[in-house]
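>>> A structural model of the following input is requested.
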Amino acid sequence: MAIQAVQLNKERCEVALMSLFGQIDEDGSGRITISEFEAHFEDGAVKALLHALELEVTDAWTPFMMLDQDGAMTSMLRSSSTAACT
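Here you go, the predicted structure:
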């Protein structure tokens with residue numbers, strides 16, 4: 001039962017992140033640039049997400065760099081949501 005609850009929570013987290021990332025990805029490229037992330041950093045949904053992930057940050061760079069897995073200054077939606085929800 002506990003394993004199922006953890007899996008369900010992970011799935012809910014991924015769905016929420018994919019939805020939020022879809023809103024931030026203004027050009028529909030499937031990647032979020034630092035410019036797109038900065039433009040939405042003050043949004044209530046982004047702040048709530050960072051709080052839920054227990055990240056207390058004062059700038060957009062810190063969480064963005066945590067999600068930028070390949071160093072290309074972009075963050076892929078699928079890989080970032082999976083990594084953040086584990």
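
>>> which element is Glu26 on?
Counting by DSSP states H and E, there is no helix or strand that carries Glu26.

>>> Enumerate every residue touching the nearest residue to it once chain neighbours are set aside.
Take Glu26 and drop its neighbours on the chain: the residue closest to it by Cβ to Cβ, 6 or more residues apart in numbering is Glu36, 5.4 Å away. C-betas here are computed from N, CA, C, even on glycine. By Cβ atoms under 8 Å, 6 or more residues apart in numbering, Glu36 lies in contact with 24-27.

>>> do Ala60 as well
Ala60 touches 34, 37-38, 41, counting by Cβ under 8 Å, 6+ apart.

>>> So which of those wins on neighbours?
For the contacts of Ala60, the largest neighbour count, defined by other Cβ atoms under 10 Å, is 21 neighbours, found at Phe37.

>>> so how far is Glu38 from the closest residue to that one other than its chain neighbours?
Closest residue in space to Phe37, ignoring its immediate chain neighbours: Phe64 at 5.0 Å, by Cβ to Cβ, 6+ apart. Using Cβ to Cβ, to the nearest Å, Phe64 is found at 8 Å from Glu38.

>>> before we move on, what about Leu50?
In terms of Cβ to Cβ, Leu50 sits 14 Å off from Glu38.

>>> nearest to Thr58, of the contacts of Glu36?
Nearest to Thr58, judged by Cβ to Cβ, of the contacts of Glu36 is Ile24 at 18.8 Å.

>>> Any idea how many residues pack against the closest one?
Neighbours of Ile24 (other Cβ under 10 Å): 20.

>>> Which parts of this protein are strands?
31-33, 74-76 (DSSP state E).

>>> rank the ones you listed by pLDDT, which is bottom?
Note on those: strand 74-76 shows the lowest mean pLDDT, a mean of 66.
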